Structure formats: structure tokens, C-alpha cells
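*Asks:* Need the 3D shape of this:
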Amino acid sequence: MRIGELAALAGVTTRTVRHYHQLGLLPEPARRANGYREYGLRDAVLLARVRRLTELGLSLEEVRDVLAVGAFGAGSELREVLAELDADLARQEEALRARRARVRALLRLAERGELPAEGPVSPALAALFGEMGRAAADLPGPEPSMAARERELLALLETTMPPEAGRELVAALGSVGGDPAAMARMYEVYALLDGLAEAEADDPRVAQAARAVADAVPDAVLETVAGRSGTASGSDAPGGFAKVLFADFSPAQAEVLRQAMRLLAERAR
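*Replies:* Below is the predicted model:
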């Protein structure tokens, strides 16, 4: 058989056959006088076996290991590889179920018109954003811009934090969403921060706003952050997330956050 006939018989392409030759999965056959490869039945059997193994999900390296054992031990080697493959597929299946459950939860929110603009986020964080939206609807004027910025920050934190830490933080924040008085205090804080959008760090309103920010943080949130980091501070860190966070605010707003973090660190002691 020529290479094209072999490939057609095994259901692969000639390029695949040549690739298997390069990897040593398929030995080079004898060549005719004109230089063309001449394949036999044994080559077709081996190529078909390689195809069956790859269709099961084995990598080409694993296929090479199975083939290298030889006929005597191939069954044992294949069983070990298949057991590993089965375990890996089980993990993928569980992960896929979890992803689909999250998608279905988000779809339910979308059907109710509750999917936030910052989505996709977890259903728990989406619920908190929904509570914020309802609180904003009761305001006499437009929603403070700081509220939208906090939603963006929370979505960022949920994405970048370790999964368990993110779930703990969102669960703790849920206590604010379920408390109308606490939510009202948060919106008072947003308004204070909005009022400092053009102010300098020495503005006399900074200290009052910092105290309001610290007082608005529920104990559950503070305990979660302090328990994860070992401290509620970190505002004086020279780089990293704190530096990026402060750079996104006006000098007065950044100073409010620094002072509020120090107050929270004292409260956590």
C-alpha cells in the first residue's frame, strides 16, 4: 500500500501518518525502488491501534508508552493509563457540571432581569448587586459613581482571590445586602466619597469620610479579611494591589481609604 491508501484505510490523513513516523509511533516501512514507502497489513493494524488509543483521549506520549511495552506487558500498561485517564475524565466531568450549574443560575438571573452589568459574577455577588440596585432606585437622585466602582472592584476581587476566600468574602458582604439600614449607610458613604472626587488629601472632610467608611464595614467582612490576611491593614504596601487601587482615586479619596484601613486594623486587634 502507498501512504495515501494506508491513511484512507485507517481513517487518518497522510500528514498524520508522517507525523507518527517523526514521533516514532509508526516505524518507517521499506521503500520501493522509486523511493515510495511500501506499507503492509502490520502497518495498518498498528496505525489503527494508535488511532483507537488517541480517540480514547490518550496523549501521543502515553500512546508511545503503551506501544513501547510490547505485547507481553501492554495489557498492564494500558490498564494503568486508562485508569489515569478515567480519573482525569471524572474530574473534568465534575468541573463541567459545576460550570453548567453556575451558567444555569446566571441564566435564571437574566430571565428575571437581575443579571448585573458587571457580570458574569457568582449568583451570591449578583444578589448583592441586585440589592444595591434596589437601594439606588430609592435614592432621590442618581446613584453615586462610587457605588458602581465598588461593584467593579468586588467583581475583580471575586475573580482574582482564591475561590474559597472569594466565597467567604461574598457571603460576609451578603449581610449588608440583607440589611436595609446597612445598605443605606453604604450609600451615604458612597455620596461622601463622590464629594471628594476633586479634593486634595488634606481636605478637612477626609477624616470624617474615613470614619464613615470604617464604620460601614460589617464585623463579618472585617473578620473574613483579617482571618485571610492575618491583618486588616496593608494600606501602606509600596506596590501591588494597594498601589493600583489608590492610583485609581483622587488624592482625597485615596487618603480616606488609607485612614479607613488603619482604623479597621485597630478595630480588628
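*Asks:* all contacts plus neighbour counts: C-alpha atoms, from now on.
*Replies:* Fine.
*Asks:* need the contact list for the residue positioned nearest the centre of the chain.
*Replies:* By C-alpha atoms, centre = their mean, the chain has its centre lying nearest to T159, at 5.5 Å. Neighbouring residues of T159 by C-alpha atoms under 8 Å, 6 or more residues apart in numbering: G166.
*Asks:* That one: which element?
*Replies:* Assessed by DSSP states H and E, T159 sits inside helix 145-160.
*Asks:* Any idea how far the very next helix or strand once past that helix is from the middle of the chain?
*Replies:* Once the chain leaves helix 145-160, the next helix or strand it forms, by DSSP H and E, is helix 163-177. The chain centre lies 16 Å from the centre of helix 163-177; the measure is C-alpha atoms, centre = their mean, to the nearest Å.
*Asks:* Okay, helices next: where are they in the protein?
*Replies:* In the chain, the helices defined using DSSP state H lie at 3-10, 14-23, 41-55, 60-69, 74-111, 123-137, 145-160, 163-177, 180-194, 206-216, 219-229, 240-247, 251-268.
*Asks:* Between those helices, which one is closest to R32.
*Replies:* helix 3-10 (12.3 Å; C-alpha to C-alpha).
*Asks:* what comes up buried for that closest one?
*Replies:* Buried residues in helix 3-10, defined by neighbour count with 16 or more other C-alpha atoms under 10 Å: 3, 6-7, 10.
*Asks:* ok, which pair from those residues is furthest apart?
*Replies:* Greatest spacing in the buried residues of helix 3-10, by C-alpha to C-alpha: I3 and A10 (10.7 Å).
*Asks:* ok, now which ones touch A136?
*Replies:* 142-143, 187.
*Asks:* Would you mind measuring from it to M183?
*Replies:* Distance from A136 to M183, counting by C-alpha to C-alpha, to the nearest Å: 10 Å.
*Asks:* ditto for D88
*Replies:* Note on D88: its distance to M183, by C-alpha to C-alpha, is 45 Å.
*Asks:* which one of those two has more residues nearby?
*Replies:* Comparing D88 with M183 by neighbour count (other C-alpha atoms under 10 Å), the higher total belongs to M183, at 20 against 11.
*Asks:* before we move on, the earlier item: make JSON lines from the buried residues of helix 3-10 and add pLDDT and distance to R64 to it.
*Replies:* As requested, the buried residues of helix 3-10 are exported to JSON lines (pLDDT from 0 to 100; distance: C-alpha to C-alpha, whole Å):
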{"residue": "I3", "pLDDT": "93", "distance to R64": "21"}
{"residue": "L6", "pLDDT": "94", "distance to R64": "20"}
{"residue": "A7", "pLDDT": "94", "distance to R64": "19"}
{"residue": "A10", "pLDDT": "93", "distance to R64": "18"}
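*Asks:* could you dump these to TSV with distance to F249?
*Replies:* Formatted as TSV, the buried residues of helix 3-10 follow (distance: C-alpha to C-alpha, whole Å):
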residue	distance to F249
I3	66
L6	67
A7	63
A10	64
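*Asks:* wait, what's in contact with L106?
*Replies:* Contacts of L106 (C-alpha under 8 Å, 6+ apart): 115, 120, 122-123.
*Asks:* Where does pLDDT dip in this protein?
*Replies:* By pLDDT under 70, the low-scoring segments of the chain are 70-76, 118-119, 177, 226-240.
*Asks:* And it, what are its domain boundaries?
*Replies:* With domains defined by automatic domain parsing, the chain comprises 1-55, 59-113, 116-268.
*Asks:* Just say which of those is most tucked in.
*Replies:* Across the domains of the chain, the average number of neighbours (mean count of other C-alpha atoms under 10 Å) peaks for domain 116-268, which reaches a mean of 17.
*Asks:* right, and the helices of the chain - which one's nearest P29?
*Replies:* P29 lies closest, by C-alpha to C-alpha, to one member of the helices of the chain: helix 41-55, at 8.0 Å.
*Asks:* what about the closest one, distance to the chain center?
*Replies:* In terms of C-alpha atoms, centre = their mean, the centre of helix 41-55 is found 39 Å from the chain centre.
*Asks:* And that helix, what does it pack against?
*Replies:* Helix 41-55 sits against helix 3-10, helix 60-69, with contacts defined as 3 or more C-alpha pairs under 8 Å, 6 or more residues apart in numbering; DSSP states H and E.
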